[in-house]
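**Q** task: produce atomic coordinates for the following.
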Amino acid sequence: MTDTQDTGTVADGKPRNPAAPTGTRTAADVVTPELVARLTRAVVSSGGSTANHTPFTGRKLADLPESGPEDVATAFERARRAQRAWAAEPVRRRAAVLLRFHDLVLARQPEILDLIQLETGKARLHAHEEVQAVAVVARHYGLAAASYLRPKAHTGVLPVLTKATELRLPKGVVGHISPWNYPFELSVGDALPAFVAGNAIVMKPDTKTALTALWARELLIEAGLPEAVWQVVLGEGPVVGPAVVAHADYVSFTGSTRTGREVAQAAAARLVGATLELGGKNAMLVLRDADLDKAAAGAVRGCFSSAGQLCMAIERLYVHSSIADEFLRRFADRTRALRLGTGLAYGADMGSLVSQQQLDTVTRHVEEAVAKGATVVAGGRPRPDVGPLFYEPTILDGVQPPMAVCTEETFGPVVSVYRFEDEDEAVRLANSSPYGLNASVWTRDGRRGRAVAARVRAGTVNVNEAYAAAYGSVGAPMGGMGASGLGRRHGAEGILKYTEAQTVAQQRIMPMGPAFGLDDEQYARVITGGMRVLKALRLR
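**A** The predicted structure is shown next:
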């Protein structure tokens, strides 16, 4: 295809997504040698180097130290020494670090927005989603950690005579492996509850986005976290990742389902726990009474935020057949109008894919679907005129098995539209995937929407929103079902998973055995009668 000049179309006459202004600020203005040297001092490395590149241009951003398995062992030794003193601090003092961090993040957000954009290729508004998410988590656990972690009294086996108390002790050193797609939120955002629970962390962020994670560490130390409590190692996942799992007292992993299974097996072999947030093939259901303009706008957010490189992004869009054509028209119009851009400023609606591998997957899924009979409603083309890894936000119609895009996670700006006749069929189709991370239901009737949502097998389901309502409600748990993972972040489970529950029970007045002259048979009769009384009084 040959581009026509300044017409907003390509040679086939179809509209194309316009390019947003690039601005004057460049990567060199942000990623200076001084910044790289300051941030990378934190990496535990005995030699070797690697590099990362910006998706906007493909040019190198920084040379980075590389860690090996022996460096991982060193990092865990340092973290274990520091963790004991950190755990001895009162929980309210640890929580105060999170609240100071909250304020610093909001005050210094231009710095981190630049780094997120340069390392991931995101539009600035989508980078700001990470700032929002981290600040909300910092505030929540900064204010609620003491309540989650406080000793809790339980009814003892013999009320009054037995006093039982549940304590929460830190796991120790958490091995945290974070991905490239949300490098701020999924590094420090997931680390905050572990820290406030009294743990240390050895983190392996993805090399592609290491500067973002290192900046987050620096800011949390400025907020009061002891430096040695957060150790960082960098390197190839197959080399460094297994070493992290091999030393950890608990593992937190976000990434692909395939790698997640390997992490789970390695952790299980050592009898340590693991939280795994994995892939998704998330569904959006547009019911026949939905507000079509709101649903179309929500689909744009749900499908194309961060160029679709979001575990919770919508890749399957089910629309009631009576409204499908009109919905698709409105959705396609909005999609074609999205501005693509590389500027370090607000204004672009969608950014770049992060790597050639992601671009290859997107291209393969779309081209194969078209070759097998699917129709491109919008997009469907790479955009090298904007940047080497850009691909237009794409809507496909007529997708059917065995097209790869029908069942495989694309993890890019591609959504397939399907039609349904009734809600039972919509729910059945939404639940037909082995994944179960996120879903979305659109209707004017909130009660109806919640009822349909409860039938969808996904860890989070949003009504009249794509993903942000559930994800941002950090007092409630978030995580996947089925092939989308194990465990939850956020809420009580998001912090208690980083602790060991310990029960301390004190027996008073009489022992748990014959006493006061009772023989064995008399004791058994007394206990039997007491148990009947406890049931009658409904004491648990």
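**Q** got a pLDDT number for the residue nearest to residue 119 when sequence neighbours are not counted?
**A** Closest residue in space to residue 119, ignoring its immediate chain neighbours: residue 209 at 4.2 Å, by Cβ to Cβ, 6 or more residues apart in numbering. Where you see a C-beta, it was placed from the backbone N, CA and C, and this is true even at glycine. Note for residue 209: predicted pLDDT of 98.
**Q** I'd say residue 209 and residue 215 touch.
**A** No: counting by Cβ atoms under 8 Å, residue 209 stays clear of residue 215, with 10.4 Å between them.
**Q** who has more neighbours, these two?
**A** Taking other Cβ atoms under 10 Å, residue 209 and residue 215 do not tie; residue 209 has more neighbours (26 against 23).
**Q** who are the contact partners of that one?
**A** Shown in contact with residue 209 (Cβ atoms under 8 Å, 6 or more residues apart in numbering): 52, 116, 119, 120, 180, 183.
**Q** report the buried residues of stretch 344-364.
**A** Residues 344-345, 348-355, 358-359, 361-363 are the ones in stretch 344-364 that count as buried (16 or more other Cβ atoms under 10 Å).
**Q** stretch 168-178 now?
**A** Neighbour counts using 16+ other Cβ under 10 Å place 168, 170, 171, 172, 173, 174, 175, 176, 177, 178 of stretch 168-178 among the buried residues.
**Q** return the distance of that stretch from the chain's centre.
**A** 17 Å (Cα atoms, centre = their mean, to the nearest Å).
**Q** wait, a strand at residue 167?
**A** Yes: under DSSP: H, G, I helix; E, B strand; the rest coil, residue 167 sits within a strand.
**Q** what about the protein, any weak spots by pLDDT?
**A** Scanning the chain for pLDDT under 70 picks out the ranges 1-14.
**Q** tell me the centre residue of this protein?
**A** Residue closest to the mean C-alpha point of the chain, counted by Cα atoms, centre = their mean, is residue 186 at 5.5 Å.
**Q** can you name the next helix or strand after the lengthiest helix in the chain?
**A** Secondary structure of the chain read by DSSP state H shows that its longest helix is helix 124-149. Beyond helix 124-149 in the direction of the C-terminus, DSSP states H and E gives the next helix or strand as strand 152-155.
**Q** for residue 33, grab the count of nearby residues.
**A** Residue 33: 10 surrounding residues under other Cβ under 10 Å.
**Q** swap in residue 391?
**A** Close neighbours of residue 391, defined as other Cβ under 10 Å, add up to 28.
**Q** tell me who's in contact with it.
**A** By Cβ under 8 Å, 6+ apart, residue 391 lies in contact with 307, 353, 359, 362, 363, 379, 381, 382, 383, 412, 413.
**Q** can you tell me how far it is from residue 271?
**A** To residue 271, residue 391 is 44 Å away according to Cβ to Cβ, to the nearest Å.
**Q** ok so, going back, mutual contacts of residue 209 and residue 215, please.
**A** Here residue 209 and residue 215 share no contacting residue, scored by Cβ under 8 Å, 6+ apart.
**Q** follow-up on the earlier one: and the contacts of residue 391 as CSV, adding secondary structure?
**A** Conversion of those to CSV gives the following (three-state DSSP):
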residue, secondary structure
307, helix
353, coil
359, helix
362, helix
363, helix
379, coil
381, coil
382, strand
383, coil
412, coil
413, coil
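**Q** looking at these, which one is closest to residue 140?
**A** When the contacts of residue 391 are ranked by distance to residue 140 (Cβ to Cβ), residue 307 comes first, at 28.1 Å.
**Q** show me the contacts for the nearest residue to residue 197 once chain neighbours are set aside.
**A** Among residues not flanking residue 197 along the chain, residue 498 sits closest, at 4.5 Å (Cβ to Cβ, 6+ apart). Residue 498 makes contact with 170, 171, 174, 193, 194, 197, 199, 250 under the criterion Cβ under 8 Å, 6+ apart.
**Q** quick one: contacts for the closest residue to residue 305 other than its chain neighbours?
**A** Leaving aside its chain neighbours, residue 305 sits nearest to residue 126 (5.3 Å; criterion: Cβ to Cβ, 6+ apart). Each residue near residue 126 by Cβ under 8 Å, 6+ apart is listed here: 305, 306, 350, 351.
**Q** do the same with residue 380
**A** Contact analysis of residue 380 by Cβ under 8 Å, 6+ apart lists 366, 370, 392, 394, 396.
**Q** before we move on, back to that, just the closest of the contacts of residue 126 to residue 32, please.
**A** Using Cβ to Cβ, residue 351 comes nearest to residue 32 of those, at 22.3 Å.
**Q** possible to save the contacts of residue 126 as TSV with distance to residue 219 and secondary structure?
**A** Listed next are those as TSV, based on distance: Cβ to Cβ, whole Å; DSSP: H, G, I helix; E, B strand; the rest coil:
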residue	distance to residue 219	secondary structure
305	24	helix
306	22	helix
350	28	strand
351	23	coil
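**Q** still on that earlier bit, looking at this, the residue nearest to the centre of the chain is in a helix?
**A** Yes: under three-state DSSP, residue 186 sits within a helix.
**Q** distance of it relative to residue 225?
**A** Residue 186 sits at a distance of 18 Å from residue 225 (criterion: Cβ to Cβ).
**Q** for residue 45, which three-state class applies?
**A** Relying on three-state DSSP, one would call residue 45 coil.
**Q** next, count neighbours for it.
**A** Around residue 45 there are 20 residues (other Cβ under 10 Å).
**Q** ok, it - contacts?
**A** By Cβ under 8 Å, 6+ apart, residue 45 lies in contact with 65, 66, 67, 68, 71, 233, 234.
**Q** look at the last one and say how many residues are nearby.
**A** For residue 234, the number of neighbouring residues by other Cβ under 10 Å comes to 27.
**Q** could you say which helix or strand holds it?
**A** Using DSSP H and E, residue 234 sits in no helix or strand.
**Q** ok, it - contacts?
**A** Residue 234 makes contact with 43, 45, 50, 64, 65, 66, 67, 204, 205, 207, 210, 240 under the criterion Cβ under 8 Å, 6+ apart.
**Q** so the fifth one touches residue 48, yeah?
**A** Yep, that's residue 65 we're talking about. Yes: if you go by Cβ under 8 Å, residue 65 and residue 48 touch, sitting 7.1 Å apart.
**Q** those two: who's more crowded?
**A** Taking other Cβ under 10 Å, residue 65 and residue 48 do not tie; residue 65 has more neighbours (21 against 13).
**Q** excluding its backbone neighbours, what's nearest that one?
**A** In space, and not counting its chain neighbours, residue 65 is closest to residue 45: 3.6 Å by Cβ to Cβ, 6+ apart.
**Q** packing partners of the helix or strand hosting residue 367?
**A** Using DSSP H and E, residue 367 falls within helix 356-371. Here helix 356-371 touches strand 394-397, helix 404-407, strand 414-420, going by 3 or more Cβ pairs under 8 Å, 6 or more residues apart in numbering; DSSP states H and E.
**Q** now the ones you listed in CSV, with distance to residue 540 and mean neighbour count?
**A** Below are those laid out as CSV (distance: least, Cβ to Cβ, whole Å; neighbours: other Cβ atoms under 10 Å):
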stretch, distance to residue 540, mean neighbour count
strand 394-397, 54, 24
helix 404-407, 46, 20
strand 414-420, 45, 24
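**Q** out of those, nearest to residue 462?
**A** Closest approach to residue 462 among the helices and strands packed on helix 356-371 is made by strand 414-420 (15.8 Å; Cβ to Cβ).
**Q** what strands line up against the closest one, and which way round?
**A** Paired neighbours of strand 414-420 in the sheet (DSSP bridges): strand 314-320 (parallel), strand 394-397 (parallel).
**Q** my read: residue 526 touches residue 518, true?
**A** Yes: judged on Cβ under 8 Å, residue 526 makes contact with residue 518 at a distance of 6.6 Å.
**Q** circling back: how near is the residue nearest to residue 305 to residue 393?
**A** Going from residue 126 to residue 393 by Cβ to Cβ gives 13 Å.
**Q** could you name every residue contacting both of those two?
**A** With Cβ under 8 Å, 6+ apart, residue 126 and residue 393 have common neighbours residue 350.
**Q** how close does residue 372 sit to residue 398?
**A** As judged by Cβ to Cβ, residue 372 and residue 398 stand 9 Å apart.
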